[in-house]
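> curious how this folds, go ahead:
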Amino acid sequence: MSGKVVHNVFVSQCYLQNRQFVGTQYRRDSCAPYVRNLLPFQGGKLAWTGISSMQLHTLSKHQSPFVNRGTVHCNVAPTTSAVPSIDTVDFLKLQNGSDIRGVAVAGVEGEPVNLTEQVAEAIAAAFAGWLVEKKKADGSRHLRVSIGHDSRITAQGLQDAISRGIAGAGLDVVQYGLASTPAMFNSTLTEDHGFLCPVDGSIMITASHLPYNRNGFKFFTNAGGLGKADIKDILERAAVIYNNFTVEGLMNSKEKASASIRRVDYMTIYTSDLVNAVRKAAGNIEKPLEGFHIVVDAGNGAGGFFAAKVLEPLGAVTTGSQFLEPDGLFPNHIPNPEDKTAMKAITQAVLDNKADLGIIFDTDVDRSAAVDSTGREFNRNRLIALMSAIVLEEHPGTTIVTDSVTSDGLTTFIEKKLGGKHHRFKRGYKNVIDEAIRLNSIGEESHLAIETSGHGALKENNWLDDGAYLMVKILNKLASARASGMGGGSKVLTDLVQGLQEAAFAVELRLKINQNHPDLKGGSFRNYGEAVLKHLENSIESNPKLQKASVNYEGVRVSGFGGWFLLRLSLHDPVLPLNIEAPSNEDAVKLGLAVLAAVNDFSALDKSALDKFVQVS
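So this is what the prediction gives:
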């Protein structure tokens, strides 16, 4: 088959496709190409595709007849434009709940790269198409998308690739550079034309606390973060776009991006809003934190701004703050408030500098934790208790929504000590936030949704899980206490969590499901996991020493021996995490033995971690 014949077939396909859009804003040449010009040309081979992603930004994935990429090799001159072969990518495997995450750097054994710049460009074009449909754009104006990133070493390359994808689809691009995830959402709400706000959509390039070789994306509109169904939709669109890349289009999208990208220092607005929030809470005092010594640990992520741009303008001394410089290799510790090494680092910094307070962020600043002047950590259940105390002072009786692994002691604290209501829901920060929004919609007032991981969202802050804003609420408490004549550094915070009963022993064990085991009989790990949970639930009913939770939204939660356990199925992985809390190691073992007895016959379940726990303990 000659190149000319192939060309005619291709053009006829494009013509038929374009007929669907006659008389609409979407009419355009679907033969317009869309691929990177950096891909090597394979001389003598010509690969044709049926539709460009320039067209696909307005084409629903269900309308496209060209889902599978067909490649025709023909003997034409090397000077003819061509699409070289590109790696096969399973786009749906990049989904991580309501985020996208993948491997962006080679070199880690068993972790092949699946988040390349080409993949990122396709995902960006797909988001552009999704956004056009959601915004019902009528062509009267260009939609605008902001792009920011954390400190990861692949951030710049992925930002450029995303910019090409957005610009190539006909939308305007505003690059923020180093930014935080909460700031990216805020850019869809801010009214400031000088900073090109509000934007119609926003993309944050981050993989949270994951290792340096990973990266990913979070997406926002003014309605909040995208949900799981939206992410799946975007990835399905992206797969079609990726499989129909053409060389000329790549060059075209690069030219469009270089001509249309604007760069804005949006973090100036975001940090200014945080500063003003603290000043307002303290009665419009210019420097309400004057006299306070507060150290920040950013873990070499994106949160280093907090010391100089938020705390210092408020009057705080920040000497002793550490790891503020962005470094995507994270040489000092993982930026993760749940990580023991990270918490030890900020605790030591507080004690060494005799500071009043320590603040630590995760990589993209949507999670945080604190440490008081004595080195006592405010993370996990203790952070939830502190935030609950602050919120319930402002909104008496409100419902606090948390994830499923919070302690019984926290429930008692919220309901008996603070007079609120504890609504324990599913794991996953989006699940927790969405549940709080749902409760408000049916008339049950809720002002705080917070996970043990440190994701905390407030109704007053548009239900955004913002680690910096969470710390601002704590700073507000310090500032208002100082304004009312109370001293004592961070003692006012410590006093707020007095009475919280904390388990003497807590452990999380992960029981993996072998997906290749004959016991699965070709079925999914999810079905197998559900069978394990059902069997455990039935076995508990015959044990008088154990009591199943009367209200529970995830897994099997059981009380007994003065403590509790929760066995649940992971949101994304073939794993059954087991959380146990008890007044002693001995009581925790008793709970572990009860679980082991119930699941022992499930051969595809790796029980080695549980076996070791009950034997060694």
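> shouldn't Phe306 be within a helix?
Yes. Judged by DSSP: H, G, I helix; E, B strand; the rest coil, Phe306 forms part of a helix.
> residues touching the residue lying closest to it once chain neighbours are set aside, list them.
In space, and not counting its chain neighbours, Phe306 is closest to Val296: 5.2 Å by Cβ to Cβ, 6 or more residues apart in numbering. Bear in mind the C-beta positions are built from the backbone N, C-alpha and C, glycine included. Residues near Val296 by Cβ atoms under 8 Å, 6 or more residues apart in numbering: 303-304, 306-307, 311, 318, 321-322, 324, 358-361.
> quickly list what His293 is bridged to.
Val317 (DSSP bridges).
> quick check, pLDDT for it.
Looking at His293, its pLDDT reads 97.
> most neighbours, which of the contacts of Val296?
Ile360 (34 neighbours; other Cβ atoms under 10 Å).
> surely that one touches Met343?
Yes. Using Cβ atoms under 8 Å, Ile360 is in contact with Met343, at 7.1 Å.
> give the residues shared as contacts by these two.
With Cβ under 8 Å, 6+ apart as the test, Ile360 and Met343 both reach 337, 369, 371.
> quick one: the strands in the stretch 301-450 of the chain?
357-361, 368-372, 377-378, 399-402, 421-424, 446-450 (DSSP state E, counting those that start in this stretch).
> highest mean neighbour count out of the ones you listed?
strand 357-361 (a mean of 30; mean count of other Cβ atoms under 10 Å).
> quick one: list the elements packing against it.
Secondary-structure packing of strand 357-361 (3 or more Cβ pairs under 8 Å, 6 or more residues apart in numbering; DSSP states H and E): strand 294-297, helix 340-352, strand 368-372, helix 467-483.
> from these, which stretch is densest packed?
strand 294-297 (a mean of 29).
> show me the contact partners of the next helix or strand after that strand.
Toward the C-terminus, strand 294-297 is succeeded by helix 305 as the next helix or strand (DSSP states H and E). Residues from elsewhere that reach helix 305 (Cβ under 8 Å, 6+ apart): 180, 267, 271.
> give me the number of residues near Gln615?
Neighbours of Gln615 (other Cβ under 10 Å): 9.
> separation between it and Gly560?
20 Å (Cβ to Cβ, to the nearest Å).
> Ile414 now?
Distance from Ile414 to Gly560, by Cβ to Cβ: 22 Å.
> looking at these two, which is more packed in?
Ile414 (25 against 19).
> what's the first helix or strand after the longest helix belonging to the chain?
Longest helix in the chain, counting residues (DSSP state H): helix 117-135. Note on helix 117-135: by DSSP H and E, the next helix or strand toward the C-terminus is strand 144-149.
> can you list the strands that that following strand pairs with?
Strand 144-149 has these strand partners (DSSP bridges): strand 172-178 (parallel), strand 201-205 (parallel).
> check which element follows it along the chain.
helix 155-168.
> let's have the strands of the stretch 301-450 of the chain in a markdown table, adding distance to Asn215 and mean pLDDT.
Converted to a markdown table, the strands of the stretch 301-450 of the chain look like this (distance: least, Cβ to Cβ, whole Å; pLDDT from 0 to 100):
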| stretch | distance to Asn215 | mean pLDDT |
| --- | --- | --- |
| strand 357-361 | 18 | 98 |
| strand 368-372 | 21 | 98 |
| strand 377-378 | 29 | 97 |
| strand 399-402 | 29 | 98 |
| strand 421-424 | 32 | 98 |
| strand 446-450 | 26 | 98 |
